[in-house]
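> mind folding the following:
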Amino acid sequence: MSAGRLLTTLSWMLNVSNVTEGQSRALVLQPLWDYLHKNHHDLLRSPLFPVVLSVSTYFILVGLYTIFDLLAPTWPCINRYRLHPDHPITWPNIWTTFGVTIYNHIFYIFPSAVAQWMWRPPTPLPSEAPTLWSFFLGITGCMVVFDFQYYLWHLLHHRIPWLYRTFHSVHHQYSQPFSLVTQYLSGWELFSVGFWTTVDPILLQCHCLTTWGFMVFNIYVSTEDHCGYNFPWALHNLVPFGLWGGAPKHDTHHQRPGTNFAPFFSHWDWLGGTNAAPTIPGHAAAATGEEEEMKAKKD
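Next up, the predicted model:
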């Protein structure tokens, strides 16, 4: 299926869901949407709101993982879930990656936000909320499209030496990623990811509430992929059949850069012959084994 047909199909499914489930709209998301519409109307309409939402979500998540990184060496209950428990995250690591993150926000994200505020009209807020079905289907559709886009982008930036050397090599200076490595990257890469995150919901004609949900989820997945932890509640441990990548697979990508290019799912790596099973070393593997053993005993 071509990319154009995929976008058309996903858009049609979203439109059908809005028609067929209109009666259930008020039962689920409509009260939340009415509250936001009534109390935060001007904020939500501002072209700056998606930027504020994305940036604040990112720093909250990264801040939480950084606290884990600092506590892990002295807190075994945290360190046991680290993918590399014998290699603690140091203050120089934190300051270096944080410095590049702030640089990117000042010289790339801030000018983009100003341009968006000046040139984009206020976001139209429909009176009706999306159905619960179209909300989750819209986020899933955006994930599928983004996954395909980033897989190709990522693959090309590893297979073409000039692209890797000029743009992507910055991100691979750390072979054992931690959360602040998520945006330790070039301005071009930051722009590409932000562009697709913004455009994909427009292509699929998503409700603005769905769009914001996708943005938050995308940032959550990105930070989780780079966090360096194998927590039991991580998505790769919840999604069955190895369909989700997750932190262990992305950690493998940083150690074996010719593998595991997709950001969300595993099917493109399987089809492209770039899939590599992660190796979970140290305490993280032991912790996972202990949990499985305890679960088996309970069963």
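
> the stretch 151-299 of the chain: helices as residue ranges?
161-163, 187-203, 208-226, 235-238, 246-255, 267-272, 282-298 (DSSP state H, counting those that start in this stretch).

> could you list the low-pLDDT ranges of the protein?
Within the chain, the segments meeting pLDDT under 70 span 1-27, 280-299.

> let's see 50
Regions of the chain meeting the criterion pLDDT under 50 cover residues 1, 16-26, 282-283, 286-299.

> show me where the stretch 1-150 of the chain has helices.
With DSSP H, counting those that start in this stretch as the criterion, the stretch 1-150 of the chain has helices at 3-20, 30-39, 41-45, 49-71, 76-79, 91-104, 110-119, 132-159.

> can I get the helices of the stretch 151-299 of the chain in JSON lines including distance to Leu132?
For the C-beta atoms, the positions are set from N, CA and C on the backbone; glycine is no exception. What follows is the helices of the stretch 151-299 of the chain, written out as JSON lines (distance: least, CB to CB, whole Å):
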{"stretch": "helix 161-163", "distance to Leu132": "41"}
{"stretch": "helix 187-203", "distance to Leu132": "17"}
{"stretch": "helix 208-226", "distance to Leu132": "11"}
{"stretch": "helix 235-238", "distance to Leu132": "20"}
{"stretch": "helix 246-255", "distance to Leu132": "26"}
{"stretch": "helix 267-272", "distance to Leu132": "26"}
{"stretch": "helix 282-298", "distance to Leu132": "31"}
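
> what's the most buried one of those?
Greatest average neighbour count among the helices of the stretch 151-299 of the chain goes to helix 246-255 (a mean of 23), per mean count of other CB atoms under 10 Å.

> pipe the helices of the stretch 1-150 of the chain into JSON lines and attach mean neighbour count and distance to Gln176 per row.
Below are the helices of the stretch 1-150 of the chain laid out as JSON lines (neighbours: other CB atoms under 10 Å; distance: least, CB to CB, whole Å):
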{"stretch": "helix 3-20", "mean neighbour count": "14", "distance to Gln176": "34"}
{"stretch": "helix 30-39", "mean neighbour count": "14", "distance to Gln176": "40"}
{"stretch": "helix 41-45", "mean neighbour count": "13", "distance to Gln176": "39"}
{"stretch": "helix 49-71", "mean neighbour count": "17", "distance to Gln176": "11"}
{"stretch": "helix 76-79", "mean neighbour count": "15", "distance to Gln176": "14"}
{"stretch": "helix 91-104", "mean neighbour count": "15", "distance to Gln176": "10"}
{"stretch": "helix 110-119", "mean neighbour count": "12", "distance to Gln176": "30"}
{"stretch": "helix 132-159", "mean neighbour count": "19", "distance to Gln176": "18"}
